[in-house]
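# below is the sequence, then the predicted model.
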Amino acid sequence: MSAIPDYQELLCWVVLLPLSSATVLLLWRGVPKALVTLLGVGSVVGSALLTALIGGLWLQSPEPFTQVLWSWIQLESFTPRIALHFDGLALTMLGVITGVGALIHGYASGYMRDDPGYRAFFAYMNLFVAMMVLLVLADNLLLLYLGWEGVGLCSYLLIGFWHQDPANGAAARKAFITTRVGDTAMAIGLFLLYRELKTLDIEVILASAAAAWRTEPYMPTLIALLILGGAVGKSAQLPLQTWLPDAMAGPTPVSALIHAATMVTAGVYLVARLHGLFLVAPGALEVVGWIGAVTLLLAGGAALAQSDIKRVLAYSTMSQIGYMFMALGAGAWQAAIFHLMTHAFFKALLFLAAGSVILACHHEQDIFRMGGLRRRLPLAFAAFVVGGAALAALPVVTAGFWSKEAILAGAWSSGHVAWWAMGVACAFLTGLYTFRLVFIVFFGAEKIHAHDADLWRMRVPLGVLMLLSVLGGAIALPLAGVLPGDPPTPSAHWPAIVAVAAGLAGIALAWRWYGRGAVAPEPTALRRLAQAGWGFDALYGGLFVRPLYALATANRADLVDRGYGVIVAGLGGLHRMVLRLQTGRLRWYAAAMAAGMVLLLGAVQWT
Amino acid sequence: MDMTTAASAWLLPLLIAIPFVGGVAAWYAERLSLTWPRWIGLLSMAAICALALWIWAHADVPGVVPAHGTPSWLIEFRAEWIPRWGISLHLGLDGLSLLMILLTGVLGVLSVACSWREIQQYVGFFHLNLLWNLAGVIGVFLALDLFLFFVFWEAMLVPMYFLIALWGHSSQGGRSRVYAATKFFIFTQAAGLLMLVAILALVWLHHQNTGQWSFDYDQLLYTPLTQVQEYLLMLAFFIGFAVKLPVFPLHPWLPDAHSQAPTAGSVDLAGVLLKTGAYGLLRFVLPLFPNASQDFAPAAMLLAIAGIVYGAKLALVQTDIKRLVAYTSVSHMGFVLLGIYAGNTLALQGAVVLMLAHGLATGALFILCGELYERLHTRELARMGGLAQRAPHYATALMFFALASLGLPGLGNFIGEFLVLAGSFPVAPWITAAAASGLVLAAVYALYLVQRALHGPPADAHAIEDLTARETAMMAALMLALLALGLFPQPVLDLVRAPLEQIGQWYAFGVPVR
């Protein structure tokens, strides 16, 4: 075993730490609260430290390695293993999941301190981290699918965490079922992929895709599009984006961890991980970019019309993931992952800060009932300004600027000027909706008596994430060996200047309109449409949900069963008919006997 | 130990005799105490489990698949019965039957355990019926003589009728237990008659061709048949097994029987009895009539999709928790049917894993339904809600098995469904894609069940009794089994590999030239 450095054996513990903690917390109901905190937060912090250790040692000689745990299934050529694959992309994702995850867990231990479901909350959160890490480390697509569904389950459990309210349950089910539609497409993609290549091993697929489909672009395109279905569902992109705003029903740390920093970016990870497949399917890659471009604009527009603090951030997340999809489509792979990371920093920051605001305002989430909070909640205010600036890509001083610039540059120099233009338009929208939120909540007249309820373990994560939102752009990602290089930086400077100007113009306009606070605007038709996420819910409700239920309800009694009822009724009728002959009248019997005799004799005579 | 010795051959009749004798003993023991029949039942079925595991550990499960056309058995037993007509007591056990018997043993133990509190009347007679039914099932899994097979097939039926009719529940305003039992009986009996006719016809055709009377599986496998004869016989056998599976549109007996049966009856029906249908298709229909089965495959696969979608959609709108679970069985068995008729290794293995996983998961769900009925005296979902607060352990268990049922990766059902679909895809891509929609519908009905039963505001402020130690033990065992099947399925796959590949060969290449 000398060939394998010892530290590589530790990789599985990045999964096992949170997994075992989740198991203990799930099974041991009487666990003391202090121990819940210790296990729940400690396991993820442990995973983060372990990731740092492994990453540090690995970076000295960055060769990808695989840790095989056991053989899962062996049937002919179908041989998926339970095996973990580690490379620069995995390290980046692990850093985000365990690093940001640990900060959010720490924050959550304060945020959820009085909740009766404290134990279950950390059990689900730990399980989520384990599944997310598994998704990222999986060396084959079947194991990835396990992690993929696992995070979906945790997302379901945590959205519906306060399950006494049926509305939360509905939101949770909507999230699970909508993503499952995408996952089913993805599963079909996997069947097709297996039929074509006889493997689900990611490294083998990447190595053989180009050779297998040198001349035929149809099959890889179809596979890539089916797999994209899964990515679109998880990442809340068109047309499966409708679940994300409702998912805000979960506790706010959940929104920060699952619905901003990690799970919703799994689709981006999946496409990046399978870049070899998408590169031989240029048509599919084009679709990825268009989905991103359209989603970012629609979501940016919808964010402008929201009045719930978390729904603004949800639509903003959708829009930022749109940027990542656009980057993938433009072949700016590294820019996409870069933005994934910086977005995880500043969006987690924004959600956690929103959590502090919500807690301080006694679970009020309507921004028009807040206002002027900057004096009472200085830390949340600072966090919102820093996070908002990063989201709006304030030049040079924020991490978001560097990653968004890289994406727009990639779109420009790969020749997708339309995407670039949509990205710039949305940069304007982003500046506008972000600072609309900041100004309405923190400026103007004070409308609510806020009471700062943060503990130090909530303040520390906010501080660290503020630092990361400012400086995170300086992190050099070890992606060179894993992902293809991005398109070259454009020679002209003016596209970048236009993008920056658009963002600043958005902020300026926000100041002009909302700088002194605002009251809820009159609901015009357009506003209502945007607030409802452009009516997709109504559309899907009319197209799928209601017809399906109507059809199912109409057949509640099982028509097939009724069909057999006809046979039974027929037999019953026959039975009653024959029964009627049995009248009990002697005359009738004698006549029947005589008639029968005549017939019988006649028949004998005849033959 | 060498399993080919004459001594070990007696293990097979022993497997059938244990529950049979146990049943009689339980009936008599009722005079001594009401607890005795329960312990006798429990020990009999535990003995079956132990015996099956012992055989698994000691038999040489072949690593290589025997050549096409040579059925091979781990253990074979043969004794004369009616030599005039070529009828013998011929039993044979291979990996497939061993796995099914193990499942029968496990669910048998659970059936007895879950009746511990529920059944308080005619305890001895109840266990007689339960054990005789299981003896019949084990006989079905072992019989290699078609006459004997039919005897066991019918022997399963009568005790089950009594289980439903005597210890069942009649739902208010709904159907009575006698109605359900009669419906079950007539459906199965009609299909069984059709199969009997087909068996006799096959034997007669065999006699016409060879001059010998034989009901023996090994002989009948090579009966030369014309295309029409083969198709008609295949159809009759198919219908016989399709009612049991059940295949859409032959399913209407199932929701009634399940919902009115006592818990043990439902567990037994869903976990084991439905599997005899799938087993019959694998053991008899595919090898006896390979060409006709090939021709029929598209139709069977379409029926499979119809079952998947139809069952799921009906599950979606049920208000009775047991009926809901019953309709999910229709949906899951659609996947099994799809896998069987896809016929390649992946799909067949998937079908068998799914049979096993469905037996465990749905068995658990029915046990949970029964426990709920004992506590709330209702099966109406509308009168539940909020059980997550009122009985948290119970809620965890129900959630777990609902998730298993929707095919969550990491649990057994997922392995089964994925293998079935991955195996069927190259054979019939469009049908498989349509069947995959069942995965979405499964999520809808499973989460609907969770929502209605566990979440929402509590229907009643009173706490109810949470799982007892006995119930917790049952649930924990089933959870571990499903996790093991989901994460370490290889031992099961290896066990059934040889028989399934042989069946696949019959199906793919037809009758071999002898």
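Alright, I've got the coordinates.

# closest approach to chain B from the stretch 201-350 of chain A, which residue is it?
Ranked by Cβ to the nearest Cβ, the top residue of the stretch 201-350 of chain A for proximity to chain B is residue A:226, at 9.4 Å. Yep, even glycine has a C-beta here, placed from its N, CA and C like the rest.

# can you give me the strands for the chain?
Went with chain A since none was named. Using DSSP state E, the strands found in chain A span residues A:65-71, A:81-86.

# oops, wrong one, chain B.
Secondary structure of chain B by DSSP E: the strands cover B:75-82, B:87-93.

# out of those, nearest to residue A:405?
Proximity to residue A:405 (Cβ to Cβ) singles out strand B:87-93 among the strands of chain B, at 69.8 Å.

# run the angle between that closest one and strand B:75-82 for me.
170 degrees (axes from the mean of the first three to the mean of the last three Cα atoms, to 10 degrees).

# list, one by one, the residues from the stretch 151-300 of chain B near chain A.
B:248-249, B:251-252, B:255 (Cβ under 8 Å from any Cβ of the partner chain).

# residues touching the closest residue to chain A within the stretch 101-250 of chain B, list them.
Of all residues in the stretch 101-250 of chain B, residue B:249 sits closest to chain A, with a separation of 4.4 Å (Cβ to the nearest Cβ). Applying Cβ atoms under 8 Å, 6 or more residues apart in numbering or on different chains, one finds that residue B:249 lies in contact with A:560, A:563, B:306.

# likewise for residue A:145?
Taking Cβ under 8 Å, 6+ apart as the test, what residue A:145 contacts is A:183, A:186-187, A:190, B:409.

# let's see it at 10 Å
A:80, A:135, A:138, A:183, A:186-187, A:190, A:200, A:230, B:409, B:414, B:418 (Cβ atoms under 10 Å, 6 or more residues apart in numbering or on different chains).

# kindly report the same for residue A:73.
Counted by Cβ under 10 Å, 6+ apart, residue A:73 has contacts A:79-82, A:142, B:346, B:349, B:353, B:415, B:418-419, B:488-490, B:493.

# what about the residue of the stretch 201-350 of chain A closest to chain B, how many neighbours?
Residues near residue A:226, counting by other Cβ atoms under 10 Å in any protein chain shown, number 22.

# identify the residue nearest residue 289 in space, chain neighbours excluded?
Chain wasn't specified; assuming chain A. Leaving aside its chain neighbours, residue A:289 sits nearest to residue A:329 (1.9 Å; criterion: Cβ to Cβ, 6 or more residues apart in numbering or on different chains).

# to clarify, I was referring to chain B.
Take residue B:289 and drop its neighbours on the chain: the residue closest to it by Cβ to Cβ, 6+ apart is residue B:234, 3.7 Å away.

# residue A:135 too?
Closest residue in space to residue A:135, ignoring its immediate chain neighbours: residue A:147 at 3.0 Å, by Cβ to Cβ, 6+ apart.

# re the thing from before, how close does the residue of the stretch 101-250 of chain B closest to chain A get to residue B:312?
To residue B:312, residue B:249 is 15 Å away according to Cβ to Cβ, to the nearest Å.

# all helices for the stretch 201-350 of chain B, in order.
Along the stretch 201-350 of chain B, counting by DSSP state H, counting those that start in this stretch, helices occupy B:217-220, B:227-244, B:253-260, B:263-268, B:274-280, B:286-288, B:290-316, B:321-342, B:345-376.

# list the contacts for whichever residue of the stretch 151-300 of chain B sits closest to chain A?
Proximity to chain A, evaluated over the stretch 151-300 of chain B using Cβ to the nearest Cβ, is greatest for residue B:252 at 3.9 Å. By Cβ under 10 Å, 6+ apart, residue B:252 lies in contact with A:558-565, B:183, B:187, B:246, B:330.

# what number of residues lie near the spatially closest residue to residue A:242 that is not a sequence neighbour?
Distances taken as Cβ to Cβ, 6+ apart place residue A:536 nearest to residue A:242, at 4.9 Å, with adjacent residues excluded. Per other Cβ under 10 Å, the neighbour tally for residue A:536 reads 16.

# OK, contacts around residue A:536?
Contact analysis of residue A:536 by Cβ under 10 Å, 6+ apart lists A:238-242, A:298, A:302.

# who touches the residue nearest to residue A:135 in this structure?
A:15, A:130-138, A:266, B:409-410.

# what's around residue A:563, how many residues?
Residue A:563 has 11 neighbours, counted by other Cβ under 10 Å.

# same question, residue A:166
That count, for residue A:166 with other Cβ under 10 Å as the rule, works out to 15.

# how confident was the prediction at the closest residue to it other than its chain neighbours?
Leaving aside its sequence neighbours, residue A:166 sits nearest to residue B:456 (Cβ to Cβ, 6+ apart; 4.8 Å). As predicted, residue B:456 sits at a pLDDT of 81.
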